[in-house]
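Trainee: Just the structure for this:
(2 chains)
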Amino acid sequence: MLRVATSVQWTSVISLMDQTPVTWLHAVGQKLDLIRSAGRNWDRERGEPINPEIVHMACELLVPLSPLGLPVPRIAPVLGGGIQFEWDIQGRELEIEILPDQTVEYLIADKSGGVNEGPLSGVPIDQVRALAQWLLGG
Amino acid sequence: MPINPDTTPEFEQPPVIETALGVEFKPIERWDIPHFGLFWERIRGDFPQYGVQPPLGSQIEMFDKPPVLPRIDFQLLERPEVRCWFFHSDADRLIQVQRDRFLHNWRKAGDSEYSRYGKIKPKFQSAWESFCDFLASESLGAPDVVQCEVTYINHIEIGQGWNSMVDLPQVVSAWSGETSDGFLPIPEGVQVVATYLIQDNKGRLHVTLQPAIRIADQRQVLQLSLTARGAPAGSGTAAILEWLDLGHEWVVRGFADFTSEKMHKLWGRRR
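Mentor: Take a look at the predicted model:
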């Protein structure tokens, strides 16, 4: 038995109607793969290649979020070789940035204009999960 | 009935980002893995890159029972099958080949203009005839074509006529968005799947609309796909092209009928 394809489509998209954890992880994995494969000058200027350990850290932080029902985050490389992922859900915003030295920072904002930001220690899986739950209205 | 292209709807800036013209044929009995490479050698000058994909499942339209929605993910196969992608050097065209399928895709690359059917069809024809020549030269026999297919994929980007599902009636004429009791909030997501019989059971038009994220730029879009499939009158190129014309007409007229006049204005409808 072999998995067969059902679409002749070439252009890659992720359906927003099928957000099971598996497809969520698949979507996140595809985005991280793109970032992992970006070489020097990925921004056509002076973007540094992304250290595979940074991508690995991003995986470690994102995978535990898959059961929470979050939308797939926007994930982008940042100058200097870091990765940022962010969500914006009904007026609440969460940004997590993994810096090139493997430290992690967060920023949260809500529609009242309140902003809170700061560093997270170690590989802050539990702290990121708590921030994600706040994002979902917790 | 001959198709008059002068009456087919036309837009200055349609949201088409990809098209595919193709045929499904009875599996070529002696086709095997080396033939992918041998065929590639013929087209490699124009299609220098390749990729390997899982094969497409057979999608033959039946008319004595309701259409099967495309949810089959697994299929019993007698031997390993693959589908090969051959990428054109311009990065806007793709040939897909497997033991029972041949497709030619065009995709919008960067800021390039939409390549209209009149330009795409000869390219499909040329590629298909090259494939048939190859089969003949390898004594693999002429393909016994059982179905033709025309697919158009449209991306209606967020901010271009819609911002959330509440705007969907402004995009899709067939969707009112109204409820009977006013209990339900605005839908978080909407997916529309519709099928239409082409007259005299000449085929079927499949229309699907769903919100999606386009991976290349992570932009949120409404993906509106229209696929017409049906059996040509024969396996010759003329019969295939005649059916593709019919399929194209249904896709274009279906697109115009399915979408709203407001969006037609945004896309610059000429007729």
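
Trainee: what about the most centrally placed residue in chain B, helix or strand, and which?
Mentor: With distances taken as C-alpha atoms, centre = their mean, chain B has residue B:151 as the residue nearest its mean C-alpha position (1.6 Å). Per DSSP states H and E: residue B:151 is located in strand B:145-157.

Trainee: anything in that strand near chain A?
Mentor: Yes - using C-beta under 8 Å from any C-beta of the partner chain, strand B:145-157 comes into contact with chain A via B:149, B:151, B:153, B:155. For the C-beta atoms, the positions are set from N, CA and C on the backbone; glycine is no exception.

Trainee: Please tabulate those residues in CSV and include pLDDT as additional columns.
Mentor: What follows is the residues of strand B:145-157 next to chain A, written out as CSV (pLDDT from 0 to 100):
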residue, pLDDT
B:149, 98
B:151, 98
B:153, 97
B:155, 96
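
Trainee: Most neighbours among those residues, which one is it?
Mentor: residue B:153 (25 neighbours; other C-beta atoms under 10 Å in any protein chain shown).

Trainee: pretty sure it is touching residue B:18, no?
Mentor: Yes - shown here, residue B:153 and residue B:18 form a contact pair, counting by C-beta atoms under 8 Å, at 4.2 Å.

Trainee: Find residues that contact each of those two.
Mentor: Shared contacts of residue B:153 and residue B:18, defined by C-beta atoms under 8 Å, 6 or more residues apart in numbering or on different chains, are found at A:9, A:11.

Trainee: that older thread, any chance you could give me the strand holding residue B:151 in CSV, C-alpha atoms only?
Mentor: Written as CSV, here are the backbone C-alpha positions of strand B:145-157 (Å, rounded to 0.1, in the frame of the first residue of the first chain):
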residue,chain,number,x,y,z
VAL,B,145,-6.5,8.3,-22.9
VAL,B,146,-9.5,7.9,-20.6
GLN,B,147,-9.9,11.4,-19.2
CYS,B,148,-8.7,15.0,-19.7
GLU,B,149,-8.3,17.6,-16.9
VAL,B,150,-8.2,21.4,-16.6
THR,B,151,-7.3,22.9,-13.2
TYR,B,152,-7.2,26.6,-12.4
ILE,B,153,-6.0,27.7,-8.9
ASN,B,154,-6.8,31.2,-7.8
HIS,B,155,-5.5,33.0,-4.8
ILE,B,156,-7.6,35.8,-3.5
GLU,B,157,-5.3,37.5,-1.1
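
Trainee: Could you name the helices and strands sitting against that strand?
Mentor: strand B:16-25, strand B:219-230, helix B:237-258 (3 or more C-beta pairs under 8 Å, 6 or more residues apart in numbering or on different chains; DSSP states H and E).

Trainee: Can the longest one be said to contact chain A?
Mentor: No - figure legend: helix B:237-258 not in contact with chain A (C-beta under 8 Å from any C-beta); closest approach 13.0 Å.

Trainee: For the following helix or strand past that helix, C-alpha coordinates in CSV please.
Mentor: Sequence-wise, the next helix or strand downstream of helix B:237-258 (DSSP H and E) is helix B:261-266. The C-alpha coordinates for helix B:261-266 follow below in CSV (Å, rounded to 0.1, in the frame of the first residue of the first chain):
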residue,chain,number,x,y,z
GLU,B,261,-19.6,41.1,-9.5
LYS,B,262,-17.7,43.2,-6.9
MET,B,263,-14.7,41.0,-7.3
HIS,B,264,-15.1,41.0,-11.1
LYS,B,265,-14.6,44.8,-10.9
LEU,B,266,-11.5,44.4,-8.8
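
Trainee: If we go by neighbour counts, what in helix B:261-266 is buried?
Mentor: Residues B:263, B:264, B:266 are the ones in helix B:261-266 that count as buried (16 or more other C-beta atoms under 10 Å in any protein chain shown).

Trainee: Please apply the same query to stretch B:89-106.
Mentor: So, applying 16+ other C-beta under 10 Å, buried residues of stretch B:89-106: B:92-106.

Trainee: closest to residue B:58 among these?
Mentor: Distances from residue B:58 to those, taken as C-beta to C-beta, are shortest for residue B:100 (6.9 Å).

Trainee: So the nearest residue to the closest one once chain neighbours are set aside: helix, strand or coil?
Mentor: Nearest non-adjacent residue to residue B:100, counting by C-beta to C-beta, 6 or more residues apart in numbering or on different chains: residue B:27, 4.3 Å away. Look at residue B:27: counting by DSSP: H, G, I helix; E, B strand; the rest coil, its state is coil.

Trainee: Bridged to residue B:196, which residues?
Mentor: Listed beta-bridge partners, residue B:196: residue B:205 (assigned using DSSP bridges).

Trainee: Was I right to think it contacts residue B:254?
Mentor: Yes - the criterion here is C-beta under 8 Å, and residue B:196 meets it with residue B:254 at 6.8 Å.

Trainee: Are there residues contacting both of the two? Which ones?
Mentor: Contacts common to residue B:196 and residue B:254, judged by C-beta under 8 Å, 6+ apart, are B:205, B:207.

Trainee: Name the residue in those two with the higher neighbour count.
Mentor: residue B:254 (21 against 16).

Trainee: ok, the more buried one - contacts?
Mentor: Contacts of residue B:254 by C-beta under 8 Å, 6+ apart are B:196, B:205, B:207, B:226, B:228.

Trainee: Export those to a markdown table and append columns for pLDDT.
Mentor: Output for the contacts of residue B:254, formatted as a markdown table (pLDDT from 0 to 100):
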| residue | pLDDT |
| --- | --- |
| B:196 | 96 |
| B:205 | 97 |
| B:207 | 97 |
| B:226 | 98 |
| B:228 | 98 |
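
Trainee: if we can go back for a sec, ok, which of the helices and strands packed on strand B:145-157 comes nearest residue A:135?
Mentor: strand B:219-230 (18.1 Å).

Trainee: Is chain A within reach of that closest one?
Mentor: Yes - for strand B:219-230, a contact with chain A is found by C-beta under 8 Å from any C-beta, at B:220, B:221, B:223, B:225.

Trainee: now for that strand, which elements pack on it?
Mentor: strand A:13-15, strand B:145-157, strand B:203-214, helix B:237-258.

Trainee: Could I get the ones you listed in JSON lines, plus columns for distance to residue B:8?
Mentor: Conversion of those to JSON lines gives the following (distance: least, C-beta to C-beta, whole Å):
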{"stretch": "strand A:13-15", "distance to residue B:8": "27"}
{"stretch": "strand B:145-157", "distance to residue B:8": "13"}
{"stretch": "strand B:203-214", "distance to residue B:8": "14"}
{"stretch": "helix B:237-258", "distance to residue B:8": "5"}
